[in-house]
Structures are given as C-alpha cells and as structure tokens.
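# Sharing a model that was predicted from the sequence below.
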Amino acid sequence: MTTVLHSRLLNDVLRDILSPYDLPPVEDVTTRRQLARTLLSGQDNGSFNGLALAYAVVAFCTSTEDGATEVLAAVGDNADVLVLDGVRGGYLLLPCAQDQHVGLARALHDRLGSDVWMAVAWASRRDLASARATAEDVLRIASCRAPGVYELRNVLADFAVLRQPHVAERLARMIEPVVAQQPLLDSLRAFISEDGNRAAAARRLDIHRSTLDHRLRLVERLTGCRPTSPRALLTLSVALTAHSTPQVPLPRAY
Amino acid sequence: MGRGQPVLFDVGRLLHEEFLAVYRAAAADADGWEDAAVSVARRVGSRLISAKVPVAQVVVALRSTDRLLTEAMLDDGGDARALAAAGTALAAELMSAFCAGDDDGLADALLAGSAPDGAAAVYTVALVRGALADRVVNAFRRHGPVLLATSGHLLLPVPEAAALPLCRDVCAELGGEVWFSVAERPAARVALARKEVDEIDALVTSLGRPPGVYRIDDMLFESAVLDTPEVRDELDKVVAPLLANPVLVQTVLALLEADGNRAVAVRKLFIHRSTIDYRLWQIEQLTGLSPVNPRDLALLGTAIGLSRTNALG
C-alpha cells in the first residue's frame, strides 16, 4: 500500500525514505503496539526515529472478531503502519499527508469484505491525541449507521452534542418520552431516515400516512419539537444520538 | 388576574398588622411617621409580589384596612388630617412597590446573585428584544407581578412552565417583531438564568430566528456547536464557499423559513422552480451538504448564523 509518496509535504517523504528502518520490525508486535499507544496518548517526546511527521488516525470497529483480523491482515505487511488493536476494533496510524487521509482510509476499506466501520482524522505527530479522541467519537456515532468510512464533517451535528455533556443530557431527557413508546420512536426514526419524506416513511413502516402524521404530532407534543421543521428535526435527531450512542470496542490508548 | 395562585395568608390581616404602628404614629402626630410609612409599604409590597397576590385583592385589602384603622384611630381622638395623609402615603407607596416591584432593587439584587428576604422561591428571567421595556412591563403587569432590573431583564416570580404561556400571550399582545428569551432558576441562582437568557438572545439574534419565545432547549444544538471548537472550525470550512455567494445564502435561509418546502421558498424568492433546483444543486456541490435533506438544511442555516456570530465577535 502506498501511503506517503504522493505527499505534498516533502518532509514526510524525505523522512520516510531516509529512516524507515528505525521502527521496530513488523514481527515485534508488542513494541510497535506500545509505540502506537505512546503516540495516540500524546506522550510522544520526539525521540522516536523513523516516524512520519503526520498520520491518518483510523479508529475502526467490526461486527465480528474475524473482521478485525481481516483489517489487521490488510495492513500487516506495511512496515510504516502502527497498530493498536483490540478484540473487535482498534486504531491504525498511517503515515499520511494532509487531505489524503479519507482517500487512504477508503482505499483500505474497499479491500475488506466484512462489515467494518472506520472513523478517520488527520493530525501532525504532536496532535495525535486529539485526533484519536475525535476519531473515537466519530466512530461511536458512525457505528449506528451503515458500515463505511466516516470523518468529522459527516457527523458534525451529533459530534457537537456528544462533546457537550450538559447539552446531551438535556436533549436525552427531552427525547426520553418518545423513546419510551416504540411506535413513536420507529416513526421518528423512519421520518429521519427518509429525510423528512412522510410518504416514504409511512411506506417504510407499512402504516397509513395519517397514522404517521398522528404519531409525529405526538412527538411534537412530547418534546416541543415539530418534526416537519428542519431545525427541530435536526434537534430530534441529535437528541436520539445523545440518548443512545453506544461505546465502541476500542482498546485503551492512554 | 387571579391565575389560580394560592394566597397563603390573609392580605387584609397582613396590612392591618403592618400598618397599625404607622397609623398610631400619624394619629399622635409623632415625628418620622412618613419615613416609617415608606419603608413599611415597600416591604409589604415586595412580600405581596412574592406571594403572587393579584392586584385587585391588594386594592380591596387596602381600602378595608384604611377604613378600619382610620375609624379606630378617630375613635381614639386621632388627628383626622394626619390619618388621611398616612393612609394615602401607605397606599401610594405600597402600590408603587407592588407594581414596579424593584423599588428595593430586588430584581438587581437577584441578578447579582443574592436572594433577599421577600424573594420568591423561583424566577423565570426574560429578556425581550424588539419592544420598549415600559410597554413590555405594562403588558406583563396586566397578567401578574413582574420585576424590571436596570439591565432590562424581567423577572417573573413563576416557574418556566407557567412563564412560557404567559410570555407567548404577551408576545402576541405586543405584536410585531418581538423576541423573548426565557430561563428559570431558583432565587439564589437567578444570575445563571440571566447568563442563559443572554446566551439565548445572542443566538436567536445572530441566527436570525423568527420572532417568538425561545428557551435554551430550542437553541441547545447551536450552543453545542458554538462550544465545540473542532465542529466550529470544520463547519466554517464547509460553508466558506457558500458564504462567498449571497444569493445562495439567501436561498438557504428562505428554504429553511419555508420548512424545506421548495414551492413556498420559490414564491418568497420570486424565482422559477428550476432556478431554485439549480441553486440547491450548486449549494450541494460547494458544501457537500444537501439542502433537500432537512437535517443538512438546518446545519447549513446554523453555519450561516454562526458565521455571523463570528463576524460580530
């Protein structure tokens, strides 16, 4: 897998050409894992040779253990990639120039057969800890959606709410009465999935359109948010995220 | 008036007990009864406000108390002229304290973080934009007690659940372009409510929300975005190409106001249906967000609003 040779940052390229062999050998999994953990926790004191100046941080999770094995196998032969793996998820550190991290992650994802969710963020070496935290939160949100590659800009609204616990708490409380009634929750979810198209949402649920309208009015009565208003629908949607965003099976990086 | 708030004590009896000393002093033409009248009347006025006593009940109680006390003092040979002056002074001060509410600086004290005697248990702080303070205060007074602080914030001695319909009524009465920002806190934490309404007000203004009554719940999403630097930066990047094109910005805002209904937005913008379709396509090309998707549309609106906040800040 090519990683940095298309880089626009000359330093990245030079550095990888000049000293790629200072990294522990691929077989020394434990040392390389420790190195990845050091970088991701922001404890890099600049003393490591052979490291790129910037990385794509990929947080991934899979529905099966085999899926995780497949991800690791896909990068296993690349001496530049650092891995911090868990049972059904982990982090990959891919040397990468700015603006190429999404393409890089997609290329990797395309080679995988099983259901894999990936969240990717790019950072220079000294900012890897915050990129890791971003990737983790993006992955938490993405894990409720279709498998694929996600970055911050795909999940901006939900991410903002997850990052503000007092807001998340208030929104979760607001949506609670809707979550407690399965038909209302299903209707709201379908309405959101169908981008506010009532006819399509009713078809998806196999209910009459007027039944759906009635349930959406109940949602409004319970939350004060009218689903047919775009702003209110966004609020309802991030409230659902705030109410139930799962933790993802990522290894501790700190 | 009389919104079913329980009166926990007998107003007539309270007035009788509090005013008795003043009438006695006046009847005896003792020095300093005027000052005593002012301080007693103000204290009682604040207490009646916090007890949410309707104004009509105060007026009835004032009349009967004055009659009873005046007759009693006259029987004892008091000075009729001085008694009449005392009654007038007490009534005037009490009503002025009861109506203005903040003669003692109660509103300012609460906003500054203290909870003086006579304060209600809980307050809803309201900030009104688009109408003169006097007009707003008078409109509220027709419904019940209200305190006006020097900062222009209004304090309603009721919880938010009761204040919201009240504010909506007043908003409708005032008419025109009026924005209400409201937040509730216990008396000791009214300062936090003020901070919250200021934040709501700033968001409502910069995001160009339509006139109406707003709580923090209505603005939670925006405030989360505002407080998350990574998201602000990314959102700035996403909409930067859009902001360079005022026609597209106007299109987003019109579509948002029309709840995403293109036919309505087209009429508002005086453009052809195919024109808006082309513009929406352009917006998606520039930002990667699709204005046809309601959540993306709302996010675009938020980004445009926040870019104005940035410009203001």
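Good, I have the coordinates.
# Show me what the residue nearest in space to the middle of chain B is bridged to.
Taking Cα atoms, centre = their mean as the criterion, B:A126 is the residue nearest the geometric centre of chain B, at 2.2 Å. When bridges are taken as DSSP bridges, the partners of B:A126 come out as B:L154, B:V182.
# try A:W122
With DSSP bridges as the criterion, the beta-bridge partners of A:W122 are A:A56.
# What residue in chain A is the furthest from its centre?
Distance from the C-alpha centroid of chain A, by Cα atoms, centre = their mean, peaks at A:S210 (36.8 Å).
# Could you look up the SS state of that one?
When states are read from DSSP: H, G, I helix; E, B strand; the rest coil, the local structure at A:S210 comes out as helix.
# Next one: it from chain B, what distance?
19 Å (Cβ to the nearest Cβ, to the nearest Å). Bear in mind the C-beta positions are built from the backbone N, C-alpha and C, glycine included.
# Show me what the helix or strand encompassing B:T302 is packed up against.
Using DSSP states H and E, the secondary-structure element containing B:T302 is helix B:294-312. Using 3 or more Cβ pairs under 8 Å, 6 or more residues apart in numbering or on different chains; DSSP states H and E as the contact criterion, the neighbours of helix B:294-312 among helices and strands are helix A:156-163, helix A:230-243, helix B:190-206, helix B:216-227, helix B:229-243, helix B:246-257.
# Between those helices, which one is closest to A:R252.
Ranking the helices and strands packed on helix B:294-312 by proximity to A:R252 (Cβ to Cβ) places helix A:156-163 first, at 19.0 Å.
# elements contacting the closest one?
Packed against helix A:156-163 by the contact rule (3+ Cβ pairs under 8 Å, 6+ apart) you find helix A:128-142, helix A:165-179, helix A:230-243, helix B:216-227, helix B:229-243, helix B:294-312.
# just so I know, which of these lies nearest B:A149?
Ranking those by distance to B:A149, with Cβ to Cβ as the measure, places helix B:216-227 first at 19.6 Å.
# what comes up buried for the closest one?
Of all the residues in helix B:216-227, those buried under the rule 16 or more other Cβ atoms under 10 Å in any protein chain shown are B:216-226.
# Skipping its backbone neighbours, what lies nearest A:C96 in space?
Nearest non-adjacent residue to A:C96, counting by Cβ to Cβ, 6 or more residues apart in numbering or on different chains: A:A56, 3.9 Å away.
# so that neighbour touches A:S124, yeah?
No - with contact defined as Cβ atoms under 8 Å, A:A56 and A:S124 do not form a contacting pair (11.5 Å).
# still on that earlier bit, which ones, among the buried residues of helix B:216-227, also lie beside chain A?
Counting by Cβ under 8 Å from any Cβ of the partner chain, the subset of the buried residues of helix B:216-227 that neighbours chain A consists of B:216-218, B:220-221, B:223-225.
# farthest pair in those residues?
Spatial extent of those (Cβ to Cβ) is set by the pair B:D217 and B:V225 at 15.2 Å.
# Could you list the contact residues of the stretch 151-254 of chain A toward chain B?
Of all the residues in the stretch 151-254 of chain A, those lying near chain B are A:152-153, A:156-157, A:159-161, A:163-164, A:167-168, A:170-171, A:174, A:192, A:195-196, A:224, A:228-231, A:233-235, A:237-238, going by Cβ under 8 Å from any Cβ.
# okay, now residue 174: neighbour count?
In the absence of a named chain, chain A is used. Applying the criterion other Cβ atoms under 10 Å in any protein chain shown, we find 20 residues in the vicinity of A:M174.
# wrong chain, I was asking about chain B
18.
# Same check on B:Q250?
Around B:Q250 sit 14 other residues, with neighbours defined as other Cβ under 10 Å.
# How about the one 5 residues further on?
The number of residues packed around B:L255, counting by other Cβ under 10 Å, is 28.
# ranges for the strands of the stretch 1-150 of chain B?
With DSSP state E, counting those that start in this stretch applied, the stretch 1-150 of chain B shows strands at B:122-129, B:147-148, listed in chain order.
# Between these, which one is closest to B:A82.
The closest approach between B:A82 and any of the strands of the stretch 1-150 of chain B, judged by Cβ to Cβ, belongs to strand B:147-148 at 32.9 Å.
# any idea how far chain B is from A:T31?
Taken as Cβ to the nearest Cβ, the span from A:T31 to chain B is 32 Å.
# How about that residue, nearest residue that isn't a chain neighbour?
Leaving out its chain neighbours, A:T31 is closest to A:P24 (Cβ to Cβ, 6+ apart), at 4.1 Å.
# Quick check: which ranges of chain A have low pLDDT?
Low-confidence segments of chain A, defined by pLDDT under 70, are located at A:1-22, A:45-50.
# what mean pLDDT does the stretch of helix or strand B:Q282 belongs to have?
In this structure, B:Q282 is located in helix B:273-287 according to DSSP H and E. The predicted model gives helix B:273-287 an average pLDDT of 94.
# Now that helix: buried residues?
B:276, B:279-280, B:282-284, B:286-287.
# how about the residues of chain B that lie near chain A?
Contact residues, chain B versus chain A (Cβ under 8 Å from any Cβ): B:216-218, B:220-221, B:223-225, B:227-228, B:230-231, B:234-235, B:237-238, B:256, B:259-260, B:288, B:292-295, B:297-299, B:301-302.
# at 7 Å what do you get?
Taking Cβ under 7 Å from any Cβ of the partner chain as the measure of proximity, chain B contacts chain A at B:217, B:220-221, B:223-225, B:227-228, B:230-231, B:234-235, B:238, B:256, B:259-260, B:293-295, B:297-299, B:301.
# Can you give me the neighbour number for the closest residue to B:I276 other than its chain neighbours?
Take B:I276 and drop its neighbours on the chain: the residue closest to it by Cβ to Cβ, 6+ apart is B:V266, 5.3 Å away. Close neighbours of B:V266, defined as other Cβ under 10 Å, add up to 20.
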